[in-house]
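Asks: structure for the following, please:
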Amino acid sequence: MRPLVAVTMGDPAGIGPELCLRLLHLKELDGMCRLVIYGDLALLKRVAATLGWPAPPVESIRDLPGLDVDTVVAGKVDAACGRASYRYVQQAVEDALAGRVDAICTGPIHKEAWHAAGVPYPGHTEMLADLTHSPDSCMMLTSESITCSLVTGHVGLRQVPELLSSAGVLTVIRLTAKALRQLRNREVRLVVCGLNPHAGEHGLFGQEEERVIVPAVEQARREGYWVEGPLSPDAAFVPQQRRQTDAYVCMYHDQGLIPLKALAFEEAVNVTLGLPIVRTSVDHGTAFDIAWRGRASVTSLVRAVELAARLANQPCSQATCS
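Replies: Numbers count the residues shown, from 1 in each chain. Now for the predicted structure:
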């Protein structure tokens, strides 16, 4: 059977609702999977009416009411919207763990709205790891042109050095190689980025490379992984290096997402590795400045659903899971 993919609506005040409406009327996914939108049916109907689009088919909606949809203002940070978007993901995770859906694809949430609502997570990745009891997980963003996995995620830059460990770097290497081997059906080549300028220059500009990153790379090589590094971050993403690299292991959020979004914005897909369920996501945010105007591109969401369906058809132990 075609896998059932749960698509969470994201923040009601953002572009998530209109992307879900577009998704439900696309024919290109019909042969690949079945879709169910986790969100608020009344809000979806309101956005459809605002845009002059057809109302969503009720049978394709997992209706999770509780939001006063008449008070939602497009493009406005709202604790109620943050609480609602959290609830959509929470229910989808519960259903995925119970086997009621085969994969989750998450729409964009607004982290400030989550914070205002008292949600105890900085983002999806940390929430998913906690709810699925998955201590060894990481974020991987993948596209045809570039793939990056992150050792640390949604934390302040000053916290990164203290959060890095050889075990953490090695875990991301293992998870990334495992996922890409399955997706590409061959051995893969990884590059591990340094943290400091010139990858520390043998300790002149920082000790993290020699103390943390090099031991992880050496252990990965002993385990049979094809891995290079640590490479200087300012040279790691040049065209010649990208042509011979399947994925980059990056030490912090912007180290990986800046080159990825420069090269593959709207094409990349966010995958959480190391979970007992399949989860993908768009590579963009809520785009409050264009919310409910019908201008948002659905490309990234389509790619995310496609990958979720593909991963759902593979054995969990061989794809994204630990």
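Asks: and the helices in the stretch 51-200 of the chain, which stretches?
Replies: Applying DSSP state H, counting those that start in this stretch to the stretch 51-200 of the chain gives helices spanning 79-97, 111-116, 124-131, 160-163, 166-184.
Asks: what's the first one packed up against?
Replies: Packing contacts for helix 79-97, counted by 3 or more CB pairs under 8 Å, 6 or more residues apart in numbering; DSSP states H and E, involve strand 4-8, strand 34-39, strand 61-63, strand 103-106, helix 111-116, helix 124-131. (Each C-beta comes from the backbone N, C-alpha and C, glycine too.)
Asks: please name whichever of the helices of the stretch 51-200 of the chain is nearest to E267.
Replies: helix 166-184 (15.4 Å; CB to CB).
Asks: centre of the chain to that closest one, how far?
Replies: How far helix 166-184 lies from its chain's middle: 16 Å, per CA atoms, centre = their mean, to the nearest Å.
Asks: domain-wise, how is this structure divided?
Replies: Domain assignment for the chain by automatic domain parsing gives 1-136+274-322, 138-271.
Asks: okay if I get these as a markdown table plus mean pLDDT?
Replies: Listed next are the domains of the chain as a markdown table, based on pLDDT from 0 to 100:
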| stretch | mean pLDDT |
| --- | --- |
| domain 1-136+274-322 | 94 |
| domain 138-271 | 94 |
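Asks: format those domains as TSV; extra columns: mean neighbour count.
Replies: Formatted as TSV, those follow (neighbours: other CB atoms under 10 Å):
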stretch	mean neighbour count
domain 1-136+274-322	20
domain 138-271	19
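Asks: the closest residue to D63 other than its chain neighbours and A304, how far apart?
Replies: Nearest non-adjacent residue to D63, counting by CB to CB, 6 or more residues apart in numbering: L41, 4.2 Å away. Separation of L41 from A304 (CB to CB, to the nearest Å) stands at 22 Å.
Asks: correct me, but V192 touches E228?
Replies: Yes - V192 lies in contact with E228 (CB atoms under 8 Å); the separation is 7.1 Å.
Asks: identify the contacts common to those two.
Replies: Residues within reach of V192 and of E228 at once, by CB atoms under 8 Å, 6 or more residues apart in numbering, are V217.
Asks: tell me if R295 really is in a helix.
Replies: No - R295 is assigned coil when assessed by DSSP: H, G, I helix; E, B strand; the rest coil, not a helix.
Asks: check which helices and strands whichever strand or helix holds V227 sits against.
Replies: For V227, the host element (DSSP states H and E) is strand 226-231. Counting contacts by 3+ CB pairs under 8 Å, 6+ apart, strand 226-231 is packed against strand 189-193, helix 214-222.
Asks: no further queries at this time; thank you.
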